[in-house]
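Visitor: Okay, predicted coordinates and the sequence, questions at the end:
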Amino acid sequence: MTDTIYYLASCDTCRKIIKSLPKSANLKYHDIKQDPITIEELEYMRSLSGSYEALFSKKAQLYKSMDLKNKNLTEDDFRKYILEHYTFISRPVFIIQDKIYIGNTQQNMLQVMKALENV
C-alpha cells in the first residue's frame with residue numbers, strides 16, 4: 001500500500017502538520033471530507049492499530065453533541081460512527097511502510113518524521 005496521510009483540509013492542525021513534512025516525503029494525501037474513507041481502508045487501519053477505538057476521536061464535536069461519552073460504545077459502534085462521519089476519525093492518520101501513526105501528539109509526530117526519514 002502507498003504511504004498515505006489521511007487528513008482534513010479544513011483542519012488548521014492538519015494543515016500545519018502537512019506544511020512541516022519534509023519536501024521529500026512521498027505521501028498520498030487523502031482528504032477524508034472530499035474522499036470519505038472506504039470500508040477497506042478502515043479495515044486496513046484497524047488491522048494496523050488493533051482496534052476501531054484507537055482510530056476514534058473523542059474530541060469530535062459530534063461526539064459531545066450526540067452525548068456518546070455517556071454510552072458504552074462497542075467496536076462495532078466505533079466502526080459505524082467512523083464510516084458515517086469523517087469527524088469521528090482521529091487525525092491525521094499516517095500509514096508509512098505498513099505502520100500506522102494516529103493523531104497529532106508531539107510524540108506521534110516525532111515518530112512520523114523519523115519514519116519518513118527512513119523511507
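Guide: Looks like it arrived, so ask away. Residues are numbered from 1 along each chain as shown.
Visitor: in this structure, which segments are predicted with low confidence?
Guide: The chain contains residues with pLDDT under 70 at 1.
Visitor: What are the boundaries of the strands in it?
Guide: 4-7, 28-31, 93-96, 99-102 (DSSP state E).
Visitor: For Y63, see how far away the residue of the chain most remote from its centre is.
Guide: Most distant from the centre of the chain: N70, at 23.4 Å, with distances by Cα atoms, centre = their mean. For N70, the distance to Y63 equals 11 Å [Cβ to Cβ, to the nearest Å]. Where C-beta positions appear, they are placed from N, C-alpha and C, glycine not excepted.
Visitor: With T87 instead?
Guide: T87 is 8 Å from Y63, by Cβ to Cβ.
Visitor: One more: I32?
Guide: 16 Å.
Visitor: Please apply the same query to L42.
Guide: Taking Cβ to Cβ, one finds L42 at 17 Å from Y63.
Visitor: Any idea what the residue nearest the centre of the chain is bridged to?
Guide: Central residue check for the chain by Cα atoms, centre = their mean: the C-alpha nearest the mean position is that of V93, 2.9 Å away. Going by DSSP bridges, V93 is paired in beta bridges with Y6, I102.
Visitor: Helices along this structure, start to end?
Guide: Applying DSSP state H to the chain gives helices spanning 12-20, 39-49, 61-65, 75-84, 106-117.
Visitor: Other residues contacting the first one?
Guide: What it means is helix 12-20. For helix 12-20, contacts defined as Cβ atoms under 8 Å, 6 or more residues apart in numbering pick out I5, Y7, L8, A9, Y29, R91, P92, N104, M109.
Visitor: how deep is the fourth one tucked in, by neighbour count?
Guide: Applying the criterion other Cβ atoms under 10 Å, we find 12 residues in the vicinity of A9.
Visitor: same question, the fifth one
Guide: Burial of Y29 is recorded as 14 neighbouring residues (other Cβ under 10 Å).
Visitor: Could I get the strands of the chain in JSON lines, plus columns for distance to S20?
Guide: Shown next, in JSON lines, are these (distance: least, Cβ to Cβ, whole Å):
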{"stretch": "strand 4-7", "distance to S20": "12"}
{"stretch": "strand 28-31", "distance to S20": "14"}
{"stretch": "strand 93-96", "distance to S20": "13"}
{"stretch": "strand 99-102", "distance to S20": "14"}
